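*Asks:* Here is my input, please return the structure:
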Amino acid sequence: MKLYNVKLLTVTCEILAQKNIVEILSKHGITGYTAYEVDGNGARGIRGQGLKNEKNVKVEVIMREEKLQDVVEEISRTLFADFAIVLYVSDVGVVRTEKF
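*Replies:* Predicted structure coming up:
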């Protein structure tokens, strides 16, 4: 079985930023992503324990490297100042490249 190299963009953010993240992805032609609520502890204290708008969400996107730089740049430029966001990129291998 051959694996093809692509990128996994992971964004952990306040749930209030999720709509903005999805809009940026869509603007760059990316329609597939996975999002789920998460909790944890960090620089802004324990998250995910209280009200709905205090929860965190993790958005994961598998994409080709060609789109990655523009997406990361726009998220960092437009959202970092207003939301608690952790963003990282990983190398992953996929079997079916036509999905990405």
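*Asks:* In this protein, where is pLDDT below threshold?
*Replies:* The chain contains residues with pLDDT under 70 at 42-53.
*Asks:* make it 80
*Replies:* Low-confidence segments of the chain, defined by pLDDT under 80: 39-54.
*Asks:* Could you check how far the spatially most central residue of the chain is from residue 90?
*Replies:* In the chain, the centroid-proximal residue (C-alpha atoms, centre = their mean) is residue 11; its distance is 3.0 Å. To residue 90, residue 11 is 12 Å away according to C-beta to C-beta, to the nearest Å. Where C-beta positions appear, they are placed from N, C-alpha and C, glycine not excepted.
*Asks:* next one: residue 9
*Replies:* From residue 9 to residue 90 the distance is 8 Å (C-beta to C-beta).
*Asks:* and those two? which has more neighbours close in?
*Replies:* residue 9 (22 against 11; other C-beta atoms under 10 Å).
*Asks:* beta partners for the more buried one?
*Replies:* Using DSSP bridges, the beta-bridge partners of residue 9 come out as residue 61, residue 89.
*Asks:* That one: what's it in contact with?
*Replies:* Shown in contact with residue 9 (C-beta atoms under 8 Å, 6 or more residues apart in numbering): 60-63, 68, 71-72, 87-89.
*Asks:* would CSV of these with neighbour count and distance to residue 28 be doable?
*Replies:* CSV is the format used below for the contacts of residue 9 (neighbours: other C-beta atoms under 10 Å; distance: C-beta to C-beta, whole Å):
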residue, neighbour count, distance to residue 28
60, 16, 16
61, 23, 10
62, 17, 14
63, 20, 9
68, 18, 9
71, 23, 5
72, 17, 10
87, 17, 15
88, 10, 18
89, 17, 15
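*Asks:* possible to save these as TSV with distance to residue 37?
*Replies:* Formatted as TSV, these follow (distance: C-beta to C-beta, whole Å):
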residue	distance to residue 37
60	13
61	17
62	20
63	22
68	25
71	22
72	23
87	18
88	19
89	22
